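1. Take a look and give me a structure for this.
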Amino acid sequence: MWPDAVLAARLLATDPHGFGGTVVRAAPGPVRERWLDLLRAALPPGAPWRRLPPGIGDESLLGGLDLAATLSAGTPVARAGLLAEADGGLIVVPMAERLPPGIAARLAAALDTGTASERGARFGLVLLDEGEGDETVAEALADHLAFRIDLSGLGSAEAARDGAGAEAGSGPAAPDPVGTLCAVAEALGVASLRGPILAARVARALAADRPVGDVEIAAAGRLVLAPRATRLPAPQEDGPEEADAPPADDRPAEDAADPAEGGPSDDVVLEAVRAAIPPKLLDQLLAGGARLSAAKAGRVGQPAASRTGRPVGSRRGDPRRGRLDLLATLRAAAPWQALRRGPEEARRIVVRRDDLRIRILRQRTETTTVFCVDASGSAALERLAEAKGAVELLLAEAYVRRDRVALVAFRGGGAELVLPPTRSLTRAKRGLSGLPGGGGTPLAAGIDAALTVALGVRRSGSRPVIVLLTDGRANVARSGEGGRARAGAEALQAARTLRAAGLPALVIDTGARGEGARAVAEAMAARYLPLPRADAELLSAAVRAAL
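-> Predicted coordinates for the structure are as follows:
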């Protein structure tokens, strides 16, 4: 494994853009750093070596207008991006499995065209894949790169060796190297045409000024095609028996002397490449499992930098990484105009880099209020009327605040999700209209149901807030059996579970004494609000204040 990794490094250093680059799957450590040092040492003198910083913007990546220099000079001043700066060299991308899809697409486009913003950008990529399990780099970008190296199973002692296997052919030239590589790619299930094309380039580079032979073809297949395999090659079928073959005398002489067409040469190369398929991949293919899953974008991946929201101020910064606050920039530059204007200064306002201000934006996360209403007992109708009114009042403001409301009611022997998270006022009224009341108080079941809804809301990316309306006097356990002692203990246990989940909560005590609800609020570390005679408007105002 290590000799092949060293050989791939030496090949990549000779033509970074021609080979595209490599994916290096390894955790940070001495083995990976040793391989990177060998790659950098093999590059021609003066070849660029750049690292892609996390969160890089389009102007820094592709190039564009240098705003600070333009303001100082009074004429447009262009600046080269990172891709143009790496022309003729390599760009190292740490944590490539978390690369945003937009940046990955721009890198792939630059590899295809060799340009970035009308500047030359013929570079190669070194994608450092540090993902765990099936987390890996985007296949659309990795397909542009010739090599895929897995150093995760190597130790420092093996990586201390510098030698790479010499792939010098001594046999005759292969009759059809490209056809052989295409046949091997088809046998391994490599669907993309870039695989055999890049393998052909590797074979040509290994042969140097000699004809391409089976040794170079096998090495190219081992380095390029084997890591891309998606299936095992079909077993070779036995040929017909000697007795079934036509007599040798009946065959033309030229056919008898013809070297095997798609015969021994293809078989030798295919067996060599088959032996180089990574063992983990071989196990997955035999088990019928998926090879690798593509990197996912969105909340499960790296969150994209947000440039939207409500402005709450400004700060000094680079407009390429934020939104320029023009008024704040002019205010910062105004006190210095008398000192900056010289006899040869023709500009009316002189703005320098230190004057630039960008907006501070605060993006509000969507909030989902989960009402958990005690619909049991003689006062159920009053509490339900309050809850219905509060839900309708909050929904009336949901369009402005981009919030949602859900309703869980508990009575009798369990709890019920009456209203899933929604902004629809019509749907809320329809769900609230037929809500029954009366029966026992299964408080633990109600808290459990509200917790389940809130956790689902949090997984979807919203911010859940639980509002519990109860007097705290539980008398029905989770099993549906009566008994205040057991029901009260289970209610406190459910409250502590909600507290461990780290969810914000508000307990509104609708009873007259305030003992049971206060104990539940303390157990769940929630804000306690006694409102035994609250109407819908007071209840809605209390919830808005708590949010």
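
2. just checking, residue 373 touches residue 466?
-> No. Here residue 373 lies out of contact with residue 466, judged by C-beta atoms under 8 Å, at a distance of 11.4 Å. The C-beta positions use only the backbone N, C-alpha and C, and glycine is treated the same way.

3. Comparing the two, which residue is more hemmed in?
-> The neighbour count for residue 373 versus residue 466, taken as other C-beta atoms under 10 Å, is higher for residue 373 (30 against 26).

4. The more buried one pairs with what?
-> Counting by DSSP bridges, residue 373 forms beta bridges with residue 409, residue 469.

5. which stretches of the stretch 351-500 of the chain form helices?
-> 380-401, 425-433, 443-459, 484-500 (DSSP state H, counting those that start in this stretch).

6. lowest-confidence stretch among those helices?
-> In terms of average pLDDT, helix 380-401 trails the rest of the helices of the stretch 351-500 of the chain, at a mean of 64.

7. so residue 410 makes contact with residue 446?
-> Yes. At 3.1 Å, residue 410 counts as touching residue 446 under the criterion of C-beta under 8 Å.

8. Report the set of residues contacting both of those two.
-> The contact sets of residue 410 and residue 446 overlap at 372, 374 (C-beta atoms under 8 Å, 6 or more residues apart in numbering).

9. Residue 414: neighbour count?
-> Residue 414 has 15 neighbours, counted by other C-beta under 10 Å.

10. now do residue 318
-> Count around residue 318 with other C-beta under 10 Å applied: 15.

11. so who does it touch?
-> Per C-beta under 8 Å, 6+ apart, neighbours of residue 318: 356, 358.

12. surely residue 413 meets residue 446?
-> No. Between residue 413 and residue 446 there is no contact under C-beta under 8 Å: 11.5 Å.

13. of these two, who's got more company?
-> More crowded of residue 413 and residue 446, by other C-beta under 10 Å: residue 446, with 29 against 16.

14. Pull up the gap between that one and residue 368, please.
-> Distance check for residue 446 against residue 368: by C-beta to C-beta, to the nearest Å, it reads 17 Å.

15. just residue 427 next, same as before
-> 14 Å.

16. Likewise for residue 127?
-> 38 Å.

17. Neighbour count: those two, which is higher?
-> residue 127 (27 against 23).

18. and that one, that's in a strand?
-> Yes. Secondary structure of residue 127 (DSSP: H, G, I helix; E, B strand; the rest coil): part of a strand.

19. Any idea what it is bridged to?
-> Beta-bridge partners recorded for residue 127 (DSSP bridges): residue 23, residue 93.

20. And the pLDDT for it?
-> Note for residue 127: predicted pLDDT of 92.

21. unless I'm mixing things up, residue 230 is touching residue 189, no?
-> Yes. Residue 230 is within contact range of residue 189, at 3.7 Å (criterion: C-beta under 8 Å).

22. Run through the residues that contact the closest residue to residue 147 other than its chain neighbours.
-> In space, and not counting its chain neighbours, residue 147 is closest to residue 22: 3.7 Å by C-beta to C-beta, 6 or more residues apart in numbering. Residue 22 makes contacts with 8-9, 12, 125-127, 145-149, as judged by C-beta under 8 Å, 6+ apart.

23. in the stretch 151-300 of the chain, which ranges drop under the pLDDT threshold?
-> 159, 161-172, 233-300 (pLDDT under 70).

24. Swap in 90 and give it another go.
-> 151-196, 199-300 (pLDDT under 90).

25. What residues does residue 517 make contact with?
-> So residue 517 contacts 470-472, 507-511, 528, 530 (C-beta under 8 Å, 6+ apart).

26. Among the residues you listed, which lie within strands?
-> Counting by DSSP state E, those place 470, 507-509, 528, 530 in strands.

27. which one among those gets closest to residue 173?
-> Using C-beta to C-beta, residue 507 is the member of the ones in strands among the contacts of residue 517 that lies nearest residue 173, at 83.4 Å.

28. In contact with that closest one, which residues?
-> Applying C-beta under 8 Å, 6+ apart, we find residue 507 in contact with 468, 470, 517-518, 520-521, 524, 526-529.

29. how about a cut-off of 7 Å?
-> 468, 517, 520-521, 526, 528-529 (C-beta atoms under 7 Å, 6 or more residues apart in numbering).

30. any idea which of those is least confident?
-> Lowest pLDDT of the contacts of residue 507: residue 529, 80.

31. leaving aside the residues next to it on the chain, what's closest to that residue?
-> Closest residue to residue 529 apart from its sequence neighbours, by C-beta to C-beta, 6+ apart: residue 508 at 5.1 Å.

32. The one you found contacts residue 527, correct?
-> No. Shown here, residue 508 and residue 527 do not form a contact pair, counting by C-beta atoms under 7 Å, at 9.4 Å.

33. the more surrounded of those two?
-> A count of neighbours by other C-beta under 10 Å puts residue 508 above the other of residue 508 and residue 527, at 32 against 15.

34. Any idea how many residues pack against residue 148?
-> Residue 148 has 21 nearby residues by other C-beta under 10 Å.

35. Pretty sure it sits in a helix.
-> No. Applying three-state DSSP, one finds residue 148 to be strand, outside a helix.

36. Run a quick neighbour tally on the residue nearest to it when sequence neighbours are not counted.
-> Leaving aside its chain neighbours, residue 148 sits nearest to residue 227 (3.8 Å; criterion: C-beta to C-beta, 6+ apart). Residue 227 has 22 neighbouring residues, counting by other C-beta under 10 Å.

37. Just want the phi and psi numbers for residue 227.
-> Dihedral angles of residue 227 (phi, psi; degrees, to the nearest 10) stand at phi -70, psi -20.

38. any idea how far it is from residue 156?
-> 23 Å.

39. Quick one: the strands in the stretch 51-200 of the chain, in order.
-> Along the stretch 51-200 of the chain, counting by DSSP state E, counting those that start in this stretch, strands occupy 63-65, 78-80, 90-93, 115-116, 119-120, 124-129, 147-150.
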